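In: Give the three-dimensional model of this entry:
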Amino acid sequence: MEYRLTARHFNPSDGLKQYLDKQLKRLKKFYQGIIDCEVILYPEKLLQVAEIQLKVDGALLTAVEKSDDMFKSVDLAVEKIERQLKKHKEKLQMHNGEKLGRLFREASEKAESAE
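Out: Next comes the predicted model:
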């Protein structure tokens, strides 16, 4: 999965970039409809902040996490965005399931009235 990385006020190490790449590849397992991904990393006073924005079908998912370590912040943000992706996927499946159920009921009612 391709993503844009913005590091504000510091230069990310190669290890951090590889770790971030590995963590973001996990997101593809949960949802195939990811359109765009942007990661913003920056220090804020004594904390390290990781912000992940995902554009998916009809929604923008955002996770912002702060901790004392950048790797930990990335982990927390990826876990948060995973939960949001799962919830979004369930929401889409529920919506489609209700629509199919309603169409099936209407078809069966028409069949009963025709008899």
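In: Next up, phi/psi of Ala50, please.
Out: Phi and psi for Ala50, reported as degrees, to the nearest 10, are phi -120, psi 130.
In: Quickly list what Ala7 is bridged to.
Out: Leu41 (DSSP bridges).
In: 784 is where my numbering starts, stick with that
Out: Okay, using 784 as the starting number, the last item reads as Ala790.
In: Would you confirm that it contacts Tyr825?
Out: Yes: applying CB atoms under 8 Å, one finds Ala790 in contact with Tyr825, separated by 7.1 Å. Every C-beta, even on glycine, is put in place using the N, C-alpha and C of the backbone.
In: Just give me the neighbour total for His878.
Out: Around His878 there are 10 other residues, counting by other CB atoms under 10 Å.
In: Quick check: which element contains it?
Out: helix 853-897 (DSSP states H and E).
In: do the same with Leu844
Out: Using DSSP H and E, Leu844 sits within strand 842-850.
In: how far is that strand from where the chain is centred?
Out: Its chain's C-alpha centre and that of strand 842-850 lie 9 Å apart, by CA atoms, centre = their mean, to the nearest Å.
In: Neighbouring strands - and their directions - for it?
Out: Partners of strand 842-850 in the sheet, by DSSP bridges, are strand 830-839 (antiparallel).
In: C-alpha coordinates for the partner strand, PDB please?
Out: Extracted as PDB, the C-alpha positions of strand 830-839 are listed here (Å, rounded to 0.1, in the frame of the first residue of the first chain):
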ATOM      1  CA  LEU A 830       5.400  13.600  23.400                       C
ATOM      2  CA  GLN A 831       5.700  12.000  20.000                       C
ATOM      3  CA  VAL A 832       2.600  12.200  17.900                       C
ATOM      4  CA  ALA A 833       1.500   9.800  15.100                       C
ATOM      5  CA  GLU A 834      -1.500  10.800  12.900                       C
ATOM      6  CA  ILE A 835      -2.900   8.500  10.200                       C
ATOM      7  CA  GLN A 836      -5.600   9.500   7.800                       C
ATOM      8  CA  LEU A 837      -7.200   6.900   5.500                       C
ATOM      9  CA  LYS A 838      -9.600   7.600   2.700                       C
ATOM     10  CA  VAL A 839     -11.900   4.700   2.100                       C
END
